[in-house]
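A.B. asks: Got a predicted structure plus its sequence, pasted below:
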Amino acid sequence: MNPSTKIFSILSLSAALGQIITKSGADDSAKWRGQKLYEAGLEATGRYPFPQLTKSKLSQIGKKVEEVCKPGEEISIVETLSFLICGLIDIRAKTNFYNWKYIDPVLKRAVWCQEKFDPKYKFDDLHAKALEDYERWTA
């Protein structure tokens with residue numbers, strides 16, 4: 001996956017997952033956090049400094065997000081948040097520090113959501129599996 005596809009797929013995934021959380025059976029506090037994740041992902045996707053995306057690139061990004069969110073299927077919010085956090089950390093590590101201002105608010109909200117859904121959250125085995133899944137997804 002090329003860098004622009006990876007960046008926009010992860011940022012779009014954050015918005016999509018935020019929306020899934022807001023529509024889940026979670027409590028109001030979790031839904032509010034999901035709404036904030038959605039807003040941060042949407043804003044970052046729109047403001048990230050890249051040239052205009054083509055229709056084919058948008059289609060490719062949409063397919064990559066659907067691979068994770070699987071429309072019509074139940075997903076594990078905790079596992080998907082872990083996957084998203086791995087992706088956000090990866091793109092942050094590989095982008096110019098001037099662009100961290102777009103990624104950091106999304107990462108902060110993803111971790112905030114993860115802490116709500118998994119109060120014992122630690123960067124542990126859940127992330128090891130998520131990292132493996134992420135690496136396969138980006139290959």
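C.D. replies: That came through, no problem. Numbering: from 1, shown residues only.
A.B. asks: Counting by contacts, list what the helix or strand where Asp104 lies packs against.
C.D. replies: Counting by DSSP states H and E, the element that carries Asp104 is helix 100-117. With contacts defined as 3 or more C-beta pairs under 8 Å, 6 or more residues apart in numbering; DSSP states H and E, helix 100-117 has these neighbours: helix 3-22, helix 28-47, helix 77-94. Every residue, glycine included, has its C-beta placed from N, CA and C.
A.B. asks: Let's have the ones you listed in TSV, adding mean neighbour count, distance to Gly62 and mean pLDDT.
C.D. replies: Converted to TSV, the helices and strands packed on helix 100-117 look like this (neighbours: other C-beta atoms under 10 Å; distance: least, C-beta to C-beta, whole Å; pLDDT from 0 to 100):
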stretch	mean neighbour count	distance to Gly62	mean pLDDT
helix 3-22	22	8	95
helix 28-47	18	12	96
helix 77-94	21	16	95
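A.B. asks: Adding distance to Asp104, write those helices out as CSV.
C.D. replies: CSV is the format used below for these (distance: least, C-beta to C-beta, whole Å):
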stretch, distance to Asp104
helix 3-22, 12
helix 28-47, 9
helix 77-94, 7
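A.B. asks: For Arg109, which of the ones you listed is the nearest?
C.D. replies: Proximity to Arg109 (C-beta to C-beta) singles out helix 28-47 among those, at 4.3 Å.
A.B. asks: who touches Val68 in this structure?
C.D. replies: Residues in contact with Val68 (C-beta atoms under 8 Å, 6 or more residues apart in numbering) are Leu13, Ile75, Thr80, Phe83, Trp137.
A.B. asks: Now for Gln35: which residues touch it?
C.D. replies: Here Gln35 is in contact with Gly18, Ile21, Thr22 (C-beta under 8 Å, 6+ apart).
A.B. asks: for those residues, which one is nearest Ile89?
C.D. replies: Gly18 (17.7 Å).
A.B. asks: and that closest one, how far is that from Ser24?
C.D. replies: From Gly18 over to Ser24 the distance is 11 Å, taken as C-beta to C-beta, to the nearest Å.
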